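Undergrad: Sequence and predicted structure, then a few things I'm wondering about:
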Amino acid sequence: MIPYGRQDIRQEDIDAVVDVLKSDFLTQGPQVPAFEQAVAKAAGARHAVAVNSATSALHIACLALGLGPGDLLWTSPITFVASANVGRLCGADVDFVDVDPDTANMCPQALAEKLAAAKAAGRLPKVLIPVHMCGQSCDMAAIGALARDYGVKIVEDASHAIGGSFEGKPVGDCRHSDITVFSFHPVKIVTTAEGGVATTQDADLARRMELFRSHGVTRDPALMEGESEGGWYYQQVELGLNYRMTELQAALGVTQMTRLAEYVDRRNALAERYDAALGNLPLKRPGRLAQARSSFHLYVIRVEAARRRAVFDALRAEGIGVNVHYIPVHTQPYYRRLGFAPGQFPQAEGYYAQAISIPLYHGLTEAAQDQVVAAVEKALA
């Protein structure tokens, strides 16, 4: 089976993790700050806060922005459920903005229309989470301008997009947002086994996220109420969680980050080969924004909706580990119980009905890629 995604683990990664196992620190040591610095540098951000998953990073980002009961979070219906769930975990209500039919990213025009209607109704969102689907940035210039006009905070869900760029600048520099979140799950561009990082240019937001990831506890006298009682002293100043990343995860991330450019270049080269090889087949290839460079976490083809199941099953039967990303969040049973229903976001549902993710990862050989292409051609014949 050729999987749709796969991690790349080398001897230097193994050595780095073994070194941590032999060290004095398995958690809360020097590797987490080193990993944070590597991500901040790559993203062009002043601050990076590492946690145990991208879901945790989204959660503490929303908490740092003050999202809570009575507030509203908007995100894309084409995403993993975590992008919406973090709003619910903060006690907020959740709604969705339909996607652009070409890129499956949040549509700026749909957002503009929804914001205007929400303002008229007196119910604007507090936080907006645009999702950089498949590794390609949303049109953050347009989305950021709209958010500023309406006073909405932005968390970029860039779980797919580390190493990507928008308008020639790295995804994660937060030029058009307050916070950006990356994922380091094994099938992502870079892995820490599990892990997430939130980047920001705002020192206060970074401090708040650092508090929320570790129980809301601090040893910093500047953040305490009253005087410190001694070197042992700490205070809980927020209601936080234990979302800390381990030293083993961070050590893996440090070595992986040294290969970020290599990974993204290889994925783009493979995507270009797919573009050429699939160009004459009856399918739709991934749409591109002229001002963005995707990191190509995923390569999603779209086929006729009536044939998608048959094509998917045929590819699996040929040993091609295809998948579908994603089932629209608003159609999930939990969200249906909140009042959402099929038909509310037609572009998202139309995309889902046609989408198939085909294999794309750093270690995919050209011979294996040609095998994928041949299987796609056979399935469509």
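TA: All right, it came through fine.
Undergrad: Now do the buried residues in stretch 255-268.
TA: Thr255, Gln256, Met257, Arg259, Leu260, Tyr263, Val264, Arg266, Arg267, Asn268 (16 or more other Cβ atoms under 10 Å). C-beta coordinates here come from the backbone N, C-alpha and C atoms, glycine included.
Undergrad: So, low pLDDT: which residues of the stretch 201-350 of the chain?
TA: Across the stretch 201-350 of the chain, no stretch falls below the confidence threshold (pLDDT under 70).
Undergrad: For it, which segments count as strands?
TA: Along the stretch 201-350 of the chain, counting by DSSP state E, counting those that start in this stretch, strands occupy 217-218, 235-236, 292-293, 299-302, 320-321.
Undergrad: Please identify which of the ones you listed is closest to Gly29.
TA: strand 217-218 (17.5 Å; Cβ to Cβ).
Undergrad: what packs against that closest one?
TA: Taking 3 or more Cβ pairs under 8 Å, 6 or more residues apart in numbering; DSSP states H and E as the contact definition, the neighbouring helices and strands of strand 217-218 are strand 235-236.
Undergrad: Might you calculate how far the strand it packs on sits from the centre of the chain?
TA: Centroid separation between strand 235-236 and its chain, computed with Cα atoms, centre = their mean, to the nearest Å, is 31 Å.
Undergrad: cool, stretch 267-283 as well?
TA: For stretch 267-283, the distance from its own C-alpha centre to the chain's C-alpha centre is 24 Å (Cα atoms, centre = their mean).
Undergrad: cool, and stretch 183-195?
TA: 11 Å.
Undergrad: And stretch 152-159, by the same measure?
TA: For stretch 152-159, the gap between its own C-alpha mean and the chain's C-alpha mean amounts to 9 Å (Cα atoms, centre = their mean).
Undergrad: Show me how the record splits the chain into domains.
TA: 2-257, 260-380 (automatic domain parsing).
Undergrad: out of these, deepest packed?
TA: When you average the neighbours per residue for each of the domains of the chain (mean count of other Cβ atoms under 10 Å), domain 2-257 leads with a mean of 20.
Undergrad: Endpoints of it, how far apart?
TA: 25 Å (Cα to Cα, to the nearest Å).
Undergrad: And the pLDDT for Lys119?
TA: Here the pLDDT value assigned to Lys119 is 98.
Undergrad: just to revisit the earlier point, and the furthest pair within the buried residues of stretch 255-268?
TA: Taking every pair in the buried residues of stretch 255-268 and measuring Cβ to Cβ, the maximum separation is 21.9 Å, between Thr255 and Asn268.
Undergrad: Now do stretch 21-35: everything it contacts.
TA: With contact meaning Cβ atoms under 8 Å, 6 or more residues apart in numbering, stretch 21-35 is reached by 20, 50, 192, 197, 244-248, 250-251, 253-254, 257.
Undergrad: Kindly reformat those residues as JSON lines containing distance to Gly216.
TA: Putting these into JSON lines (distance: Cβ to Cβ, whole Å) gives the following:
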{"residue": "Val20", "distance to Gly216": "27"}
{"residue": "Ala50", "distance to Gly216": "17"}
{"residue": "Thr192", "distance to Gly216": "24"}
{"residue": "Val197", "distance to Gly216": "20"}
{"residue": "Arg244", "distance to Gly216": "13"}
{"residue": "Met245", "distance to Gly216": "17"}
{"residue": "Thr246", "distance to Gly216": "20"}
{"residue": "Glu247", "distance to Gly216": "22"}
{"residue": "Leu248", "distance to Gly216": "25"}
{"residue": "Ala250", "distance to Gly216": "22"}
{"residue": "Ala251", "distance to Gly216": "27"}
{"residue": "Gly253", "distance to Gly216": "25"}
{"residue": "Val254", "distance to Gly216": "27"}
{"residue": "Met257", "distance to Gly216": "29"}
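Undergrad: Which members of the residues you listed are the farthest-apart pair?
TA: Within these, Arg244 and Met257 form the most distant pair, 18.9 Å apart (Cβ to Cβ).
Undergrad: Return the distance of Leu21 relative to Gly163.
TA: The spacing between Leu21 and Gly163, counted by Cβ to Cβ, to the nearest Å, is 28 Å.
Undergrad: Hmm, I typed the wrong one, I wanted Thr365.
TA: With the distance defined as Cβ to Cβ, Thr365 ends up 21 Å from Gly163.
Undergrad: can you give me the helices for this protein?
TA: With DSSP state H as the criterion, the chain has helices at 11-21, 31-43, 54-64, 82-89, 108-121, 140-150, 203-213, 247-257, 260-278, 308-317, 333-336, 346-354, 366-380.
Undergrad: Reformat those helices as TSV; add distance to Glu227.
TA: As requested, the helices of the chain are exported to TSV (distance: least, Cβ to Cβ, whole Å):
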stretch	distance to Glu227
helix 11-21	36
helix 31-43	28
helix 54-64	26
helix 82-89	35
helix 108-121	46
helix 140-150	41
helix 203-213	19
helix 247-257	32
helix 260-278	45
helix 308-317	64
helix 333-336	47
helix 346-354	54
helix 366-380	64
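Undergrad: Isn't Phe296 up against Val264?
TA: Yes - counting by Cβ atoms under 8 Å, Phe296 does reach Val264; the two are 7.4 Å apart.
Undergrad: Which pLDDT value goes with Leu63?
TA: Note on Leu63: pLDDT of 98.
Undergrad: ah, wrong one, I meant Ala45
TA: The per-residue pLDDT reported for Ala45 equals 98.
Undergrad: same question, Cys90
TA: 98.
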